[in-house]
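[1] starting from these lines, generate the structure:
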Amino acid sequence: MNWILLIIAGLFEVGFATCLGKAKESTGNTSLLWYGGFLVCLSISMILLVKATKELPIGTAYAVWTGIGAVGSVLVGIIVFKEPATFWRVFFITTLILSIVGLKMVTK
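    Here you go, the predicted model:
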């Protein structure tokens, strides 16, 4: 169950990064709504991370949480914000995904 909470926390990390990107692109009240979404996603992500670290080692949990956030944010950047999907970007994101899976496999 803690791994599921950690994955959801990582997805909310992607959410708060996405909200920041969208807030940067918008103006007026729309920008304020995106900043509100940022605060909601940030809060949920942190609460779930804290819950997951009650059972999981902090080093592993934090590495997985930031890894999910990094991979998800890069993918959102490529898909939503039209950032370039160069060979090396995809290569290193793939190695990050493999590292996250490896941490899951070696953590008791």
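
[2] what's the burial count for Ile7?
    Ile7 has 17 neighbours, counted by other CB atoms under 10 Å. Backbone N, C-alpha and C define where each C-beta goes, glycine included.

[3] could you number the chain from 39 rather than 1 from now on?
    Fine by me, first position is 39 from now on; the one you just mentioned is Ile45.

[4] would you confirm that it contacts Val109?
    No. Counting by CB atoms under 8 Å, Ile45 stays clear of Val109, with 11.5 Å between them.

[5] what lies in contact with stretch 42-61?
    Stretch 42-61 has contacts (CB atoms under 8 Å, 6 or more residues apart in numbering) with 69, 72-73, 75-76, 79-80, 82-87, 89-90, 94, 99, 102-107, 110-111, 114-115, 118-119.

[6] most distant residue from the middle of this structure?
    No residue in the chain sits farther from the centre than Gly66, which is 26.3 Å out by CA atoms, centre = their mean.

[7] could you check the pLDDT of it?
    What the model reports as pLDDT for Gly66 is 94.

[8] again, but for Lys142
    For Lys142, pLDDT reads 89.

[9] ok, now Ser111?
    In this model, Ser111 carries a pLDDT of 96.

[10] which one is it nearest to, not counting chain neighbours?
    Closest residue in space to Ser111, ignoring its immediate chain neighbours: Ala55 at 4.4 Å, by CB to CB, 6 or more residues apart in numbering.
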